[in-house]
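Peer 1: Sharing a model that was predicted from the sequence below.
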Amino acid sequence: MLRVALTLEGRTIDDIDKALDEARRQILNGDRTGADASEDGAYKFQVTGQENS
C-alpha cells in the first residue's frame, strides 16, 4: 500500500489548486519526493510504501 504525505500552501484556493496539480503531475510521473515554492504558493510531498499489483 502506498501513502502520500502532502503539504500545500497558497495565498488563494487557486494557488492551492495549482500546487496540487503540480504535485500530482510529479507523483504520476513516478517521483517519490518533491517540493517547490514560489511567491504565490508551495508544495511538498513524499510517497512511501509499496505499490500492490
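Peer 2: Cool, got the structure. Remember, predicted model here, so these are calculated numbers, not experimental data. Residues are numbered from 1 along each chain as shown.
Peer 1: And the helices in the protein?
Peer 2: In the chain, the helices defined using DSSP state H lie at 13-28.
Peer 1: gap between the most centrally placed residue in it and S53?
Peer 2: The chain has A23 as the residue nearest its centroid, 2.9 Å off, counting by Cα atoms, centre = their mean. Distance of A23 to S53, computed by Cβ to Cβ, to the nearest Å: 24 Å. C-beta coordinates here come from the backbone N, C-alpha and C atoms, glycine included.
Peer 1: And V4, by the same measure?
Peer 2: 18 Å.
Peer 1: the more surrounded of these two?
Peer 2: Shown here are V4 and S53; by other Cβ atoms under 10 Å, V4 has more neighbours (13 against 3).
Peer 1: Just give the number of residues close to the residue nearest to I16 when sequence neighbours are not counted.
Peer 2: Counting by Cβ to Cβ, 6 or more residues apart in numbering, the nearest residue to I16 once its immediate chain neighbours are dropped is G10, at 4.2 Å. Other residues within reach of G10, judged by other Cβ under 10 Å, total 17.
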